[in-house]
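Asks: Okay, predicted coordinates and the sequence, questions at the end:
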Amino acid sequence: MNDILSPAAIEDTPDLETLTGPDDHDDLRLWLRLLTCCNLIEGDIRGRLRTEYETTLPRFDLMAQLHRAPEGMKMSELSRHMMVTNGNITGITDQLEKEGLVQRNKVLTDRRSSLIKLTAKGKRTFRKMADSHEQWIQDLLSGLSEKSRKNLFEALGELKLVAQTRLTPRP
């Protein structure tokens with residue numbers, strides 16, 4: 001980017017892409033456009049979850065992981081799948097357990113571990129949120145033509161493959 005901006009100036013900017021100019025590399029501009037789109041969509045989803053369900057995106061994500069694993073998951077598995085620390089998972093799980101949305105069952109072969117599962121109430125609650133989430137995404141993307149959605153999906157698939165082959169694995 002041409003000028004260095006303070007963090008306060010960045011926060012006051014409508015999106016990261018507007019910080020670029022015609023002299024900036026197209027790859028940088030593309031990256032910032034992708035990031036801006038992700039931030040806009042994620043911000044909308046976070047706000048809707050907060051106002052419509054009085055919940056957070058991390059809570060929704062944890063419940064989504066458990067929904068995909070009806071047999072339950074250990075905290076370490078949840079942490080790995082969600083790419084957050086065990087401490088974060090523990091805090092979210094504690095809250096969800098207090099609300100009766102998840103239950104902990106001790107693993108017989110490892111007394112230090114618990115298997116976390118959605119309760120019946122948790123399954124019902126998650127299903128409502130997931131249905132709304134799906135509708136929000138459909139409504140948002142319905143502004144694109146079917147052809148544009150297909151082309152974007154294919155282009156992002158290509159980008160994903162390129163990134164996977166070029167990125168250096170980190171420990």
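Replies: All right, it came through fine. Numbers count the residues shown, from 1 in each chain.
Asks: tell me the strands in the protein, going along the chain?
Replies: Assigned by DSSP state E, the chain shows strands spanning 73-74, 102-107, 110-118.
Asks: Reformat those strands as TSV; add mean pLDDT.
Replies: As requested, the strands of the chain are exported to TSV (pLDDT from 0 to 100):
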stretch	mean pLDDT
strand 73-74	92
strand 102-107	91
strand 110-118	87
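Asks: okay, those, which one's buried deepest?
Replies: Across the strands of the chain, averaging neighbours per residue (mean count of other C-beta atoms under 10 Å) puts strand 73-74 on top, at a mean of 19. In short, each C-beta sits where N, CA and C put it, glycine included.
Asks: before we move on, back to that, in JSON lines: the strands of the chain, plus distance to residue 29.
Replies: As requested, these are exported to JSON lines (distance: least, C-beta to C-beta, whole Å):
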{"stretch": "strand 73-74", "distance to residue 29": "40"}
{"stretch": "strand 102-107", "distance to residue 29": "43"}
{"stretch": "strand 110-118", "distance to residue 29": "42"}
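Asks: Nearest to residue 149, out of those strands?
Replies: Across these, residue 149 has its closest neighbour in strand 110-118 (31.2 Å, C-beta to C-beta).
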